[in-house]
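Enquirer: Take this sequence and fold it.
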Amino acid sequence: MNKHHSSDFTHGKILSPLLRFMIPILLAMLLQDLYGAVDLLIVGRFARTADVSGVTTGAQIMSLVMNMAVNLSMGITILLGQQIGRGEREKGGEVIGAGIVFFLMIGFAISVLMIFFNGSIAHLMHAPAEAFDKTTQYILICGAGSIVVVGFNLIGSIFRGLGDSRTPLIAVGIACAINIAGDLLLVAGFGMGAAGAAIATVAAQAGSVILSLLIIRRRVLPFTLRRRDIRFNGKIIAKITEYGLPLAVQGVLVSLSFLVIMAIINSIGVIESAGMGIANKIIAFIMLMPASFGQAMAAFVAQNAGARKYDRALKALRYGILVSLASGMVMSILTFTLGEDFALLFTVDHTVALAAHSYLKAYAIDCLLTAFLFCFVGYFNGLGITGFVMIQGIVGAFCVRVPASYLLSRWEPVSLFKIGLATPMSTALQIVLCFICLYYVRKERREVRGR
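Expert: Residues are numbered from 1 along each chain as shown. Below you'll find the predicted structure:
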């Protein structure tokens, strides 16, 4: 290949370039959720309920690691986007080289942690006794491959910062194909259950990273990555950390809040545990549109912030919310009415499917609210106001979602629908905080222009 797919978002129309950039992100997230769902689907069809519970709880742990990697690497997306907006493309190689070293160190540290403390983590999650061994197996295998998980997300963040959402789509497509083949071989073929699903997941991401790097070597990039750029550059790493660390902290703590909710539901019983796990896989699909707009918004706004075109960035936010809200209305209706049918794609146990549908009914409300929240978060990320993003996420998680989940789990008769209501309650508060922040950001911009 002799051309690159990076884009300049600082000129011309807004909605069509935003949609063209967002669609590959949407497809990549769809494929990523698909190969995660394939684990659960095949385990649910060819293994026991204990394996389903083990994959469910283990996947929640790995989701925390994934969120940390995605959010921390957002620092690279923001930094590269702002450099492009300022016309400083030549600095891209230094940023990416420093980022590679930084994220390799992080991936190694996470791998060591997961290898030595997988049992303790399963205890903290209150993994059901009959699924405890399956849970530790999944955490151990996927945790050992954390360095691959980090590398997988690093590739996506780099190219989104350059305005290229197609290369990450290719990377996820490769991973999806490898994962499906691995699940069919190891889980359906050899009956390896949760352990087979974990091996397939790690192998998929490792294969994707290797093949993606080979593809990237044949591309003409908008910067030169030299061997001497791949080093520990304290100044650049500090800037990546300045943008990415608040998001990583927020992502980890928000994921921890969902792990706490998982532990609450695990303590109820294995049926509820498996039901929530299946519901979470479905939720990942129904939230794709707002989540993909959130990622696209960050890169789009970062370039315009670098070019000081703040009005253009605000228009992108409005477009993103409108399109996401239209999609959210459709997904809300489908989730509320067809949740049990969706759940039966992942299990043959109707009791588990009913439990999943009960939880999904609450998320039908959240489908409408996240159209606002995710786009707001992407907008503030692109502006580099990641400290606020961290604060609103933590407030929503620990001032509303966790305490409300606990209190609702004590409300007899116990219902996953009641517990699930804690999430739209927290989202509503976060949206209010975002509108308040937007008011002050716009006020500050007006004051700056008036000087």
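
Enquirer: list the contacts for the residue most central in space within the chain?
Expert: Computing the C-alpha centroid of the chain and ranking residues by C-alpha atoms, centre = their mean puts residue 67 first, at 5.2 Å. Shown in contact with residue 67 (C-beta atoms under 8 Å, 6 or more residues apart in numbering): 251-252, 254-255. For the C-beta atoms, the positions are set from N, CA and C on the backbone; glycine is no exception.

Enquirer: could you redo the last one with a cut-off of 10 Å?
Expert: With contact taken as C-beta atoms under 10 Å, 6 or more residues apart in numbering, residue 67 is in contact with 153, 247-248, 250-256, 258.

Enquirer: element containing it, please.
Expert: helix 49-85 (DSSP states H and E).

Enquirer: Report the rounded mean pLDDT for that helix.
Expert: Helix 49-85 carries an average pLDDT of 79.

Enquirer: Sketch out the helices for the stretch 1-150 of the chain, chain order is fine.
Expert: Counting by DSSP state H, counting those that start in this stretch, the stretch 1-150 of the chain has these helices, from start to end: 15-46, 49-85, 92-124, 132-144, 146-161.

Enquirer: ditto for the stretch 251-400 of the chain
Expert: 270-286, 288-306, 310-343, 350-383, 386-395.

Enquirer: can I get those helices in CSV with mean neighbour count and mean pLDDT?
Expert: Formatted as CSV, those follow (neighbours: other C-beta atoms under 10 Å; pLDDT from 0 to 100):
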stretch, mean neighbour count, mean pLDDT
helix 270-286, 25, 82
helix 288-306, 27, 87
helix 310-343, 18, 90
helix 350-383, 24, 90
helix 386-395, 20, 91
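
Enquirer: wait, which of those is closest to residue 31?
Expert: helix 288-306 (10.4 Å; C-beta to C-beta).

Enquirer: tell me the angle of that closest one relative to helix 270-286?
Expert: Calculated by axes from the mean of the first three to the mean of the last three C-alpha atoms, to 10 degrees, helix 288-306 forms an angle of 50 degrees with helix 270-286.

Enquirer: Does helix 288-306 pack against any helices or strands, and if so which?
Expert: helix 15-46, helix 49-85, helix 146-161, helix 234-266, helix 310-343, helix 350-383 (3 or more C-beta pairs under 10 Å, 6 or more residues apart in numbering; DSSP states H and E).

Enquirer: Distance from it to the middle of the chain?
Expert: 14 Å (C-alpha atoms, centre = their mean, to the nearest Å).

Enquirer: For the remainder of this discussion, apply numbering that starts at 472.
Expert: Got it, first residue is 472 now, which makes that one helix 759-777.

Enquirer: how many degrees apart are it and helix 781-814 in direction?
Expert: 160 degrees.

Enquirer: would you put the C-alpha positions of helix 759-777 in CSV?
Expert: Extracted in CSV, the C-alpha atoms of helix 759-777 (Å, rounded to 0.1, in the frame of the first residue of the first chain):
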residue,chain,number,x,y,z
LEU,A,759,-22.0,0.5,20.5
MET,A,760,-23.4,3.6,18.8
PRO,A,761,-22.9,6.1,21.6
ALA,A,762,-19.5,4.5,22.6
SER,A,763,-18.2,4.7,19.0
PHE,A,764,-19.3,8.3,18.8
GLY,A,765,-17.5,9.0,22.1
GLN,A,766,-14.2,7.7,20.6
ALA,A,767,-14.7,9.5,17.3
MET,A,768,-15.6,12.7,19.1
ALA,A,769,-12.4,12.7,21.1
ALA,A,770,-10.2,12.5,18.0
PHE,A,771,-12.4,15.0,16.0
VAL,A,772,-12.5,17.5,18.9
ALA,A,773,-8.7,17.1,19.6
GLN,A,774,-7.8,18.2,16.1
ASN,A,775,-10.1,21.2,16.2
ALA,A,776,-8.9,22.2,19.7
GLY,A,777,-5.4,22.1,18.4
